[in-house]
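> This is a predicted model, with the sequence first.
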Amino acid sequence: MTDEPILVLAATGGQGGAVTEALLGRGAPVRALVRDPARESARELAERGVDVVAGSLSDPDSLAGAMRGVRSVFAFTTPFEAGVEAEVGQGRAILAAATRQRVPHLVFSSVAGADQDSGVPHFESKARVEAELTAGDVPYTILGPTYFFDNALGGADRVLGGVLDLPLPADRPLQQLARTDLGAFAARVLLDGASYVGRRIELASDDPTPVRMAAALGSALGREVRHRQVPLTVIGNPDMHAMWTFLNGPGYRVDIPALHAAHPDLPWTGFADWARHTWAPSR
């Protein structure tokens, strides 16, 4: 293995953290870009041998400095702090820095469905970043995660009270992904870039229905959990309303059996296993 580090952007966040863990588990040298190296999560990475550097997803200079001499980069953008235009700006800053430093391989975490004219604002912003990435000169791979299992943790109090709120019919499968599976897949791509350059790969671990999800959560908790279908009309956030409208309509289109068959040695966590591991030990 080369001594050149792999740079992970937003390394203390959900996606960046999962990728960092997977890379460390494979013995890879990691450089982590974080907003504040003094934060506890960043200090913990430094104590584990990670090269922690300060920077911002919207600052090309700090990004370029972090990208100097790296083997590959895991990139992530977000609209949830400053909006979709800011997310596109982050993508442009990342691409400008990668171009400037002649990064050998840029792995961009987008979203499944970004290529489907979904009408979802935070899908469309990522599609714009993808378009500029594919038109540029930096060797790239695009990953498209589906809905993450741990989004269910956002309604933890309701689940603990016996209700799983989802704006989906009880029997509608929802393709989802374990963050650990994203980390494992991204680590492989970052370490074995030649096999993945120029590809766009959408990722899903499982496709449980809300009823199956509720049953798995109930089994993990040792109590009944039932699904409640939330009407789309009560979702006030336009972006979230558009996303759930999309998921009730065409939805994600990951060929899960083909994906798993092509990568049989990756963990591919089932929702029930995730629920048992995540909820049962601590609750």
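All right, it came through fine. All of these numbers come straight from a predicted model, not from anything done at the bench. Numbers count the residues shown, from 1 in each chain.

> Give me the phi and psi for Ser72.
phi -160, psi 170 (degrees, to the nearest 10).

> if I pick it, what's in contact with it?
Going by Cβ atoms under 8 Å, 6 or more residues apart in numbering, Ser72 touches 6-7, 103-107, 190-191, 193. Yep, even glycine has a C-beta here, placed from its N, CA and C like the rest.

> let's see it at 10 Å
Listed by Cβ atoms under 10 Å, 6 or more residues apart in numbering, the contact partners of Ser72 are 4-8, 28, 103-107, 139, 141, 186, 189-193.

> Same check on Arg223?
By Cβ under 10 Å, 6+ apart, Arg223 lies in contact with 159-162, 217, 283.

> now it: how far from Tyr196?
Counting by Cβ to Cβ, to the nearest Å, the separation of Arg223 from Tyr196 is 43 Å.

> The helix or strand containing Ala215 packs against which elements?
Ala215 is part of helix 210-221 when elements are defined by DSSP states H and E. In terms of contacts (3 or more Cβ pairs under 10 Å, 6 or more residues apart in numbering; DSSP states H and E), helix 210-221 is packed against helix 156-160, strand 163-166, strand 226-229, helix 271-279.

> redo that, cut-off 6 Å
strand 163-166, strand 226-229, helix 271-279 (3 or more Cβ pairs under 6 Å, 6 or more residues apart in numbering; DSSP states H and E).

> Please compute how far it lies from its chain's middle.
23 Å (Cα atoms, centre = their mean, to the nearest Å).

> How about stretch 217-230?
For stretch 217-230, the distance to the chain centre is 25 Å (Cα atoms, centre = their mean).

> tell me the mean pLDDT for it?
On average, the pLDDT along stretch 217-230 is 96.

> measure it end to end?
End-to-end distance for stretch 217-230: 18 Å, by Cα to Cα, to the nearest Å.

> cool, stretch 149-162 as well?
Using Cα to Cα, the two ends of stretch 149-162 sit 18 Å apart.

> Going by neighbour count, which residues in it are buried?
Residues of stretch 149-162 classed as buried by neighbour count (16 or more other Cβ atoms under 10 Å): 149-150, 152, 159.

> likewise stretch 75-95?
For stretch 75-95, by 16+ other Cβ under 10 Å, it's 75-79, 84, 86-95.

> Strands - which of these land there?
Judged by DSSP state E, the buried residues of stretch 75-95 include 75-76 as members of strands.

> Just the C-alpha atoms of stretch 93-102, please, in CSV.
The C-alpha trace of stretch 93-102 is given here as CSV (Å, rounded to 0.1, in the frame of the first residue of the first chain):
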residue,chain,number,x,y,z
ALA,A,93,-14.9,24.5,-5.1
ILE,A,94,-14.0,20.8,-4.7
LEU,A,95,-13.6,20.3,-8.4
ALA,A,96,-11.5,23.5,-8.8
ALA,A,97,-9.2,22.3,-6.0
ALA,A,98,-9.0,18.8,-7.4
THR,A,99,-8.2,20.2,-10.9
ARG,A,100,-5.5,22.5,-9.5
GLN,A,101,-3.8,19.7,-7.5
ARG,A,102,-4.2,17.1,-10.3
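
> Can you pull out the low-pLDDT segments for this protein?
1-2, 281-283 (pLDDT under 70).

> need the strands for it, in chain order.
6-9, 30-34, 51-54, 72-76, 106-109, 140-145, 147-148, 163-166, 176-177, 200-203, 226-229.

> most packed of those strands?
strand 6-9 (a mean of 29; mean count of other Cβ atoms under 10 Å).

> so how far is that strand off the chain centroid?
Using Cα atoms, centre = their mean, the offset of strand 6-9 from its chain centre is 14 Å.
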